[in-house]
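**Q** Prediction below, plus the sequence it came from.
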Amino acid sequence: MSANPAEVKYIDARAGSGRRDRRSWGELEAELATGLRNHWYALIPSDEVPADKPLGITRMGEDLVLWRDGDGRIRVMSDKCPHRGAKLSLGKVHSGGLMCWYHGWFFEPSGQCTSIPSEGGACELANEVKVRSYPVEEHGGLVYAYFPAEGTPEGAAPAEPCPNPYELESPEWNGFIVRHHWKGVNWFRAMDNLIDPLHAPFLHAGTYTLNKTTGYKDHIEVRKNEDGSYFVGRKGQALVNFDFTEFHFPNWFRLDIPYPWSAGPGGPMRILVTVCPIDADSCQVYMVRKRKITGWKWWLWAFLWHVRLENKMWQVIDQDEAILASQRVGEALTSEYLVQGDTGLVTLRNLFREAVAKQADAQQDNPRGAR
Ligand code: FES
Ligand SMILES: [Fe+2]
């Protein structure tokens, strides 16, 4: 896409001032279709990882095996046995390690092979064999893993701390993790949607919470917050609909949805949304829906949620998924006509342009380990 007037207008005003990758967005997005490395991603809720057997999932375009070590800690490794490529997720968890089903090679939580049965078990050869493992943290019921850039030496510390929004683990905030697998939706389409408050009164017209507006003509303003995140919000409307989002580069958002009285006491619903590519054509979105309520108010909300509100939420999510899957990505990116209302999306793309340029510079300075 050649930069259109809307993009040029906000290139320097809204995002940071670093060097930017100037390729067309279509080209850049194709390169980042399965994620930007050197960042943390929320992979799955902890309660989906079984206690006693491995689980195979795909994220970031990679097959991954998740399993719990002898202490119950979740480990994330490449789901590919170094012997002959069988899926380790078909193997067995025992004695605090993971054993491949095919020939019984055994791996420690670090990914180090410690036994090759056909060679007599523990042997020198085993010392040379390791499965790629990724740093893992759990916060508020979500499993995060850090994906380093290609060429980063194994064991290198993550370049940044794992995101841990304060509401996730606060006893004052209660709620639910809502799980969406969006098929046919690249992770950028999901994020374009989350940084675009102006779609709500149209796409979600007629729904329980997202049908209200004080007017359709409005402007989007973008401000950089002290913590480095970006506020993207409507200028002419607040606390009426999905009116703002807070974008935390590269993959999570904080937003508030006003709730009517019929949703019980407790003010607006806070949504922490995290997006992770599955492959180039689908993504996993977790929406942690919270309210700052405890005690009976929380129990009342939980009751209303299960009997009534959750169904209404799925109506909204289905609308988002249908419209996002309808965007033919390759075509759409060469013929977009962005306007002022798309300023959030332009900001997001500029931040990715900067990050890609920065990683390329680091790679040039240190070809063995991009940072
Ligand atoms: S493929 Fe895993 S032990 Fe042979
Ligand atoms: Fe939406």
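**A** Sure, I can see it. Ligands and ions are numbered 1, 2, ... in the order given.
**Q** Please make it C-alpha for all contacts and neighbour counts, starting now.
**A** Noted.
**Q** Next up, the contacts around the closest residue to ligand 1 within the stretch 151-300 of the chain.
**A** Scanning the stretch 151-300 of the chain for the residue nearest ligand 1 gives Glu154, at 20.9 Å (criterion: C-alpha to the nearest ligand atom). Applying C-alpha atoms under 8 Å, 6 or more residues apart in numbering to Glu154 gives the contacts Arg132.
**Q** where along this protein do the helices fall?
**A** 5-14, 25-31, 124-127, 187-194, 200-203, 295-304, 310-326, 329-334, 343-365 (DSSP state H).
**Q** What are the contacting residues of the fourth one?
**A** In other words, helix 187-194. 29, 33-34, 199, 245, 251, 253, 275-277, 280-284, 320, 324, 344-345.
**Q** now do 6 Å
**A** Helix 187-194 has contacts (C-alpha atoms under 6 Å, 6 or more residues apart in numbering) with 277, 283, 345.
**Q** Quick one, which of those are buried?
**A** 277, 283, 345 (16 or more other C-alpha atoms under 10 Å).
**Q** From what I see, the second one and Pro277 are in contact.
**A** Yes: with the criterion set as C-alpha atoms under 6 Å, Cys283 and Pro277 qualify as a contacting pair; they are 4.3 Å apart.
**Q** wait, Gly233 sits on Phe244?
**A** Yes: with contact defined as C-alpha under 6 Å, Gly233 and Phe244 form a contacting pair (3.9 Å).
**Q** Nearest to ligand 1: which residue in the stretch 101-250 of the chain?
**A** His103 (3.7 Å).
**Q** what's the neighbour count on the residue lying closest to that residue once chain neighbours are set aside?
**A** Residue nearest to His103 in three dimensions, not counting chain neighbours: Pro117, with 7.4 Å by C-alpha to C-alpha, 6 or more residues apart in numbering. Pro117 has 14 neighbours, counted by other C-alpha atoms under 10 Å.
**Q** roughly how far apart are Pro117 and Cys123?
**A** 9 Å (C-alpha to C-alpha, to the nearest Å).
**Q** beta partners for the closest residue to Met99 other than its chain neighbours?
**A** Distance criterion C-alpha to C-alpha, 6+ apart; nearest residue to Met99, sequence neighbours excluded, is Phe106 at 4.3 Å. Judged by DSSP bridges, the bridge partners of Phe106 are Met99, Ser115.
**Q** do Tyr146 as well
**A** Trp40.
**Q** where's stretch 342-350 relative to the chain centroid, distance-wise?
**A** 17 Å (C-alpha atoms, centre = their mean, to the nearest Å).
**Q** quick one: average pLDDT of that stretch?
**A** For stretch 342-350, the mean per-residue pLDDT is 95.
**Q** what do you get for stretch 252-271?
**A** 94.
**Q** gap between it and the chain center?
**A** On C-alpha atoms, centre = their mean, the centre of stretch 252-271 falls 21 Å from the chain's centre.
**Q** Name the surrounding residues that touch it.
**A** Outside stretch 252-271, the residues touching it (C-alpha under 6 Å, 6+ apart) are 239, 242, 245-247, 272-274, 288-291, 293, 301.
**Q** Could you rerun that using 7 Å?
**A** 209, 239-242, 244-247, 272-275, 287-293, 297, 300-301, 304 (C-alpha atoms under 7 Å, 6 or more residues apart in numbering).
**Q** Ok, stretch 197-212 next?
**A** 213, 233, 240-244, 259, 312, 316, 319, 341.
**Q** from the residues you listed, which single one is nearest Pro158?
**A** Nearest to Pro158 out of these is Phe244 (C-alpha to C-alpha; 30.3 Å).
**Q** In strands, which of the contacts of stretch 252-271 appear?
**A** With DSSP state E as the criterion, strands contain 244-247, 272-275, 287-291 from among these.
**Q** And the pLDDT at Gly155?
**A** 86.
**Q** same thing with the one 5 residues further on?
**A** Glu160 is assigned a predicted lDDT (pLDDT) of 94.
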